[in-house]
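1. have a look; sequence and predicted model below, questions after that.
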Amino acid sequence: MLLIIREPATPEQITAMLGENDFYIKCVVDLERLILAGGGRLHADSEGELLAAGSLQDNLWGSSWSPYTQEIIYESMVNIRPYQNRSMQILDETVRVRVKAIMNHLLGGQ
């Protein structure tokens, strides 16, 4: 189940978002609005939900999170932008730190 998370997620929301992938949640974080969408089969699903909800493309960054290990993987096709990021990996350390902070706050990571 794909959800937009604006406040710290409940255990039920985490379980629902795990439905597609079992061991991790594909997420897209909006760095300006401090929200995320997660739980779709593809990062692009979450990206589309946030764009439809008013987010701007330049503010969206894809990653995946495991509730079991608390690990964040900063890799997604939505991160490829020739003018901003030339890789599936988030290359800018400042962006990675901001993504991590938002994910930890909203998903309960460390």
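-> Noted; the coordinates are in hand. Residues are numbered from 1 along each chain as shown.

2. hey, let's count contacts and neighbours off CA atoms from now on
-> OK.

3. pLDDT weak spots in this structure?
-> Low-confidence segments of the chain (pLDDT under 70): 109-110.

4. select the longest helix from it.
-> Counting residues, the longest helix found in the chain (DSSP state H) is helix 93-107.

5. tell me what that one is packed against?
-> Where contact means 3 or more CA pairs under 8 Å, 6 or more residues apart in numbering; DSSP states H and E, helix 93-107 is packed against strand 25-30, strand 35-38.

6. what ranges do the strands span in the protein?
-> In the chain, the segments counted as strands under DSSP state E are 3-5, 25-30, 35-38, 60-65, 72-73.

7. just name the most buried of those strands.
-> Scoring these by mean neighbour count under mean count of other CA atoms under 10 Å gives strand 25-30 as the most buried, with a mean of 29.

8. show me the contact partners of that strand.
-> For strand 25-30, contacts defined as CA atoms under 8 Å, 6 or more residues apart in numbering pick out 17-18, 35-43, 46-47, 50, 55, 59-66, 99, 102-103.
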